[in-house]
Structure formats: C-alpha cells, structure tokens
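Visitor: Build me a model:
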Amino acid sequence: MNTWLTPDWPASARVNACVTTREDGFSQSPYEGLNLGSHVGDDPQAVEQNRLLLMSSLGCRPAWLSQVHGVQVSRADPARVDEADGSWTDEPGVASAVLTADCLPALFCDRAGTKVAAAHAGWRGLANGVLEATLDALALSPEEVLVWLGPAIGPAAFEVGPEVREAFVANHQEAGQAFRPSANAGKFMADIYQLARIRLAARGVHAVYGGGFCTVSDPRFYSYRRASRTGRFASLVWLTD
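Guide: Got it, this is the predicted structure:
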C-alpha cells in the first residue's frame, strides 16, 4: 500500500482520493497483486478479498460500475452495480470508483468539498463526451470544479489509427495538437492527457491536475496494452464529514 497514489491537487480537506497499484493483494499470476476487476478472468474469491482489503484500508464504500466505454454517469451507490462509465456522490463515506488498465481515470470535486465524481475515459468515451457528462451530473459552475487525471497510457505508447484522430478533431480542431505521426505509416501517437484537458477547457474547466503517467511503461500498474490478460487498478474519490 506504500505505492498507492494520492492525488496532488488543492482539494478541500473533506475530499479524499486514492489510486491503487499492484502492491499487496491476493491475486495470482497473471493478475498478481491487488486486482480489483471482477470481469477479467481472475479468481472471484481473490477479487473479493482484494476489494475487502481496499475498503478496510481506505475506510470508504466503493460504488463499483459495469464499464462499457460509454458516457452514462450515475449516482454512486455501493448497493448496486450500474452500467455506466462514471459516478458522482455528495454522500460522505461513499466512493465514486473506476477501474482501468490504460484508459484514463479522471477524478472530480468542487472547491467547497460538497461533491465528487470519477469517470472512466477510454478514447471512445473521451471522444463521445464522458468527461462532459460527468460535469453535467455534478451540476457545478466550471470555475468551482477541480479535476485530477490519473495513470493512463502515455503519449509514447498510445499508437492509434487515423479514425481516432478524426473523432477528436471533428469536435475540437485544436485536438490535432495532441497527435503526432507515428513511426508506422498512417498511424499517430496520441496524448490522452492533452485530449482530456482540451475537452475540459472547452467547458470552462481549467483547474486540471495530474497526468504525466504511463501505465504501459510503469510496472506499478496493470496495462492491457502491455499484457492483454491482466487485472485492473482503481481510482477512487470520496467525502468525509
């Protein structure tokens, strides 16, 4: 647990957040460590033990989601598993949580520490507006919102086809700046962090922190691109009284 990340952002003292790593846990190879994904073929009992370890360590109740690379954002509820790619809450002790292994986890809060949210943004969800949908669910003034971008595939590893570039540029011309030609003809290297910042800035949200990670090159994290049979780490945000 010493390698778990705590976001560096000027959030209220009521706002707590954490990103897990592969450290500790009960999962065996190839999921070795703290795999929190129940949909990747790991032993269900090991996943359940890992989730219990997480809850006891953080002292919150995560609201897990069935993520589908969409833009649905629900109210976080630990008693159910919604099909959604984001959740929000204003209830202390309930954590909005997303699972990733290269996709971008984005954590949200307001400056006053009254609402938090988490979003899962693969390139499809990002292009289709999952961050914007999360902002809509929070229903806050843009200047009141803080966002922290967690560990995701870095720009040196994220090779995509021209259709991905076109999907972003079609809505935001400046998104072209986030793509550079790959060594492979017809391909591009994409900066998912820059793309997220462009999308958020278009909605008036400029207090954006984090970024700079690469799940593919950093062995602390699970990475689907590095090994397709792998686990998932969690990014969580919650309120305390």
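Visitor: Dig out what the spatially most central residue of the chain forms beta bridges with.
Guide: In the chain, the centroid-proximal residue (C-alpha atoms, centre = their mean) is residue 105; its distance is 1.1 Å. Beta bridges link residue 105 to residue 120 when assigned by DSSP bridges.
Visitor: Tell me if I'm right that it and residue 117 touch.
Guide: No - between residue 105 and residue 117 there is no contact under C-beta atoms under 8 Å: 11.3 Å. Every C-beta, even on glycine, is put in place using the N, C-alpha and C of the backbone.
Visitor: picking up where we left off before, next up, the contacts around the residue nearest to the centre of the chain.
Guide: 19, 98, 118, 119, 120, 121, 149, 150, 151, 152, 235 (C-beta atoms under 8 Å, 6 or more residues apart in numbering).
Visitor: what do you get for residue 70?
Guide: 83, 84, 85, 125, 128, 130.
Visitor: how far away is it from residue 130?
Guide: 7 Å (C-beta to C-beta, to the nearest Å).
Visitor: hey, what's in contact with both of those two?
Guide: With C-beta under 8 Å, 6+ apart, residue 70 and residue 130 have common neighbours residue 85.
Visitor: Can you tell me what sits against the helix or strand hosting residue 46?
Guide: Assigned by DSSP states H and E, residue 46 falls within helix 44-58. By C-beta under 8 Å, 6+ apart, the surrounding residues in contact with helix 44-58 are 1, 16, 18, 20, 24-28, 31, 34-38, 61-62, 64, 95, 234, 236, 238.
Visitor: what do you get if the cut-off is 7 Å, keeping everything else the same?
Guide: 1, 18, 20, 24-27, 34-36, 38, 61-62, 234 (C-beta atoms under 7 Å, 6 or more residues apart in numbering).
Visitor: so of those residues, which ones are in strands?
Guide: Under the assignment DSSP state E, these contribute 18, 61, 62, 234 to strands.
Visitor: just these now: which is nearest residue 173?
Guide: residue 234 (34.7 Å; C-beta to C-beta).
Visitor: which residues touch the closest one?
Guide: 20, 36, 54, 97, 99.
Visitor: And the most far-flung residue of the chain relative to its centre, its phi and psi?
Guide: In terms of distance from the mean C-alpha position of the chain, residue 185 ranks first, at 30.2 Å (C-alpha atoms, centre = their mean). Backbone geometry at residue 185, expressed as degrees, to the nearest 10, gives phi -50, psi 130.
Visitor: Please report the distance of it from residue 159.
Guide: Taking C-beta to C-beta, one finds residue 185 at 12 Å from residue 159.
Visitor: Contacts only, for the spatially closest residue to residue 64 that is not a sequence neighbour.
Guide: Spatial nearest neighbour of residue 64, chain neighbours left out: residue 81 (5.4 Å); criterion: C-beta to C-beta, 6 or more residues apart in numbering. Residue 81 is in contact with 64, 65, 66, counting by C-beta under 7 Å, 6+ apart.
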